[in-house]
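In: mind folding the following:
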Amino acid sequence: MKLILVNPNLAFCQAVDYFFDKLPNVEIVQGYFEHLPEFDCIVSAANSFGLMDGGVDAAIIRFFGQQLMTRVQQHILFHYLGEQPVGTSFIIETGNEKHPYLAHTPTMRAPMEIAHTDNVYSATWAMLLAVREFNKSAERKIERVACSGLGIGTGRVPYQQAARQMALAYYHFLAPPKSLDWNIASTRQKRIRYGGDDGLHIAPEKA
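Out: Model prediction:
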């Protein structure tokens, strides 16, 4: 699987370049996802209710059509009883033959600031697991995932912090543990930092 990190903001691209340094199968593009020649799946850094009318979500709906938001909301109503939790992600077909899939991945329940949380890590982790699970049985597998950056718009997560959390989730995805113990748990929490700490401790610049 290739991860395409695409965003028009130079500062965010520079932050991503720093934190994803040496991680494999990553392409960084300063631009818009609509201009990418190839991707199988676009990540929607969404809210829990599938209301895709702002920011990158609005651009996604302009690109794929209103039918996609309708089907996303129907999925949320049926599978999540109307509220998809942060830290989950699901794959849904877009209806576009060239770019067939969307990963609907809430970073927040409703539009709000999520700085000093680990929501970006949780969302990235959930998206990667959703793609992995999908590829186990899909006839047409996801090979190229386009992601414009999580939490940096309405969520107001600083670029460096968003890039750090996204890279950390990807690193953990590529190098899973072979067994579980409290050393593994505490090491991950120290790297991620936010979450149980409720924002009282500043996360390290680079894990």
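
In: can you give me the neighbour number for D53?
Out: As a burial measure, D53 scores 9 neighbours (other C-beta atoms under 10 Å). Yep, even glycine has a C-beta here, placed from its N, CA and C like the rest.

In: that one contacts R62, doesn't it?
Out: No - using C-beta atoms under 8 Å, D53 is not in contact with R62; the gap is 10.4 Å.

In: next, name the residue at the spatial heart of the protein.
Out: By C-alpha atoms, centre = their mean, the mean C-alpha position of the chain lies nearest to T124, the distance being 3.9 Å.

In: show me what the lowest-mean-pLDDT helix or strand in the chain is packed up against.
Out: One helix or strand of the chain scores below all others by mean pLDDT, DSSP states H and E: helix 182-192, with a mean of 91. When contacts are defined as 3 or more C-beta pairs under 8 Å, 6 or more residues apart in numbering; DSSP states H and E, helix 182-192 packs onto helix 159-174.

In: run the chain-centre distance for the helix it packs on.
Out: Its chain's C-alpha centre and that of helix 159-174 lie 10 Å apart, by C-alpha atoms, centre = their mean, to the nearest Å.

In: tell me the buried residues in the helix ranked longest in the chain?
Out: Using DSSP state H, we find that the single longest helix of the chain is helix 119-137. For helix 119-137, burial by neighbour count (16 or more other C-beta atoms under 10 Å) applies to 119-128, 130-131, 134.

In: also stretch 57-70?
Out: Buried-residue list, stretch 57-70, by 16+ other C-beta under 10 Å: 57, 59-61, 64, 68-69.

In: OK, contacts around the residue nearest to the centre of the chain?
Out: By C-beta atoms under 8 Å, 6 or more residues apart in numbering, T124 lies in contact with 105, 150, 165-166, 169-170.

In: now do the helices in the protein.
Out: Using DSSP H, the helices of the chain run over residues 10-19, 55-64, 66-80, 119-137, 159-174, 182-192.

In: confidence-wise, which of these is weakest overall?
Out: In terms of average pLDDT, helix 182-192 trails the rest of those, at a mean of 91.
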